[in-house]
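A.B. asks: Mind folding the following:
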Amino acid sequence: MSSILAWARRRSRIAVGLTLLSALAPSTALAAQHLGQRTLHQGARGHHVQVQRDLVARAAAQSAARVQRNGGASMAPARAVVARRPARARLSGGRAIAPRGAPRAVRAVIAAGNRIATKPYIWGGGHGRWWDRGYDCSGSVSFALHGGGLLGTTLTSGGLMGWGYRGPGRWITVYTNRTHVFMVVAGLRFDTSGASPSRWQGWMRSSSGFAIRHPRGL
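C.D. replies: Sure thing, here's the model as predicted:
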């Protein structure tokens, strides 16, 4: 029984070797042609057996080299898929210009923000009605989000802590706590703090102590 198993293992190795021969360089393949249709059997000896072993060894070495070049993968590496960052809006005269390719809701949020970008700060402004003489921080953010169809009613900064989904968004991110709220839309900050005079600002402030929320899909 042991001799049969050993013979089967040798035949298996020979079959693998013959398969690897197809991957050899043309010169190696030509060198193998003189072997003809000879069948190797247990205990076979001679020049053709040594040539067969040499060719199998060379095929294995070439295969190992290809694997090493591919970073350990036996197949060609797949092309990496990298998620593109959304384009950044730009400032022009205190107004935000939506980037090309921005989703419709994002463009609408920016357009709504532009309408009140230079309105004065009034505590409680924007909470009794959508259109007001001035707006506080949460009134400003609520107005812009409402313009994009993302908010149905005005919320305070504390109320916005439970709005949307947890974590930063791809296009819109709201930073809020119980005393203040601001948001970043397409890379621009919309904030009553630091407005001079526009609420749109091109630099980020610290987000420490803020809950971070975003609308679905954005």
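
A.B. asks: Residue 126 is in contact with residue 133, isn't it?
C.D. replies: No - Residue 126 is beyond contact range of residue 133, at 9.5 Å (criterion: C-beta atoms under 8 Å). Glycine gets a C-beta too; all of them are placed from N, C-alpha and C.

A.B. asks: Among the two, which residue is more densely surrounded?
C.D. replies: residue 126 (24 against 9; other C-beta atoms under 10 Å).

A.B. asks: distance of the more buried one from residue 103?
C.D. replies: 24 Å (C-beta to C-beta, to the nearest Å).

A.B. asks: Residues in contact with the helix or strand containing residue 140: which ones?
C.D. replies: Assigned by DSSP states H and E, residue 140 belongs to helix 137-147. Residues outside helix 137-147 that contact it (C-beta atoms under 8 Å, 6 or more residues apart in numbering): 108-113, 115-116, 119, 124-127, 130, 132, 135, 151-157, 159-160, 174, 176, 180-183, 185, 190-193, 199, 215.

A.B. asks: any idea of the mean pLDDT for it?
C.D. replies: Per-region confidence: helix 137-147 scores 98 on mean pLDDT.

A.B. asks: Next secondary structure element downstream of that helix?
C.D. replies: With DSSP H and E, the next secondary element past helix 137-147 is strand 165-166.

A.B. asks: Compute the inter-axis angle for the helix or strand that that next one is followed by and helix 137-147.
C.D. replies: Later in the chain than strand 165-166, the nearest helix or strand by DSSP H and E is strand 172-176. For strand 172-176 against helix 137-147, the angle by axes from the mean of the first three to the mean of the last three C-alpha atoms, to 10 degrees is 160 degrees.

A.B. asks: Show me what strand 172-176 is in contact with.
C.D. replies: Contacts for strand 172-176 (C-beta under 8 Å, 6+ apart): 106, 109, 138, 141, 145, 150, 157-158, 160-161, 163-164, 181-186, 207, 210-215, 218.

A.B. asks: Break this structure down into its domains, please.
C.D. replies: 2-69, 90-214 (automatic domain parsing).

A.B. asks: if I pick residue 171, what's in contact with it?
C.D. replies: 86, 102, 103, 106, 185, 186, 218.

A.B. asks: Farthest-apart pair in the residues you listed, please.
C.D. replies: Maximum pairwise distance among the contacts of residue 171 (C-beta to C-beta): 11.1 Å, between 103 and 185.

A.B. asks: helix, strand or coil for residue 184?
C.D. replies: strand (DSSP: H, G, I helix; E, B strand; the rest coil).
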